[in-house]
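**Student:** turn this into a structure:
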Amino acid sequence: AIAIGEHVATVASSPAMAERILTETPWEGFAVGDSEEPRAVAAGLDFPALIDAISPWIDYGIRVNMVSEEAAGEDPADDESQASEIIEQVHTGLDVLKCFRGVWSETLKEDGVWMTHTVSKFEDLEE
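**Tutor:** Residues are numbered from 1 along each chain as shown. The predicted structure is shown next:
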């Protein structure tokens, strides 16, 4: 879907997403600059949210390959195979990957020159 608003244009995967993008909302990423300055580009990646989104698919892939396709759709809590142990170890690795909290970037004009500022955030694991 392609949508053009008063201040924004977007190419999105669905009309509903295009509508959400055109809705004016406050910037929720890291404060890279003054929130009132107009930007040419503002982008961000919430890496832990991405990991959370793909995690069930990783679990499904492990269970399909280790147990069976039919069993992969069942409740993993009832699984007593080695797949559950591997999934637990994979989730530990995914928790470590979530130490990368994300990256946020913006491009804006400063003194007549287009500048891009980027912030990457990392946090230690909680004990």
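
**Student:** now the longest helix along the chain: buried residues?
**Tutor:** Across the chain, the longest stretch assigned as helix under DSSP state H is helix 47-66. By 16 or more other Cβ atoms under 10 Å, the buried positions in helix 47-66 come out as F47, P48, I51, D59, I62, R63, M66. Glycine gets a C-beta too; all of them are placed from N, C-alpha and C.

**Student:** give the next helix or strand downstream of the lowest-mean-pLDDT helix or strand in the chain.
**Tutor:** None of the helices or strands of the chain scores lower by mean pLDDT, DSSP states H and E than helix 69-72, at a mean of 70. The helix or strand immediately downstream of helix 69-72 is helix 82-97, counting by DSSP states H and E.

**Student:** give the pairing partners of the following helix or strand past that following helix; include direction for each.
**Tutor:** Counting by DSSP H and E, the next helix or strand C-terminal to helix 82-97 is strand 100-110. Strand 100-110 has these partner strands in its sheet, going by DSSP bridges: strand 41-46 (antiparallel), strand 113-122 (antiparallel).

**Student:** where does E126 sit: helix, strand or coil?
**Tutor:** Look at E126: counting by DSSP: H, G, I helix; E, B strand; the rest coil, its state is coil.

**Student:** count the neighbours of it for me.
**Tutor:** The number of residues packed near E126 is 5, by other Cβ atoms under 10 Å.
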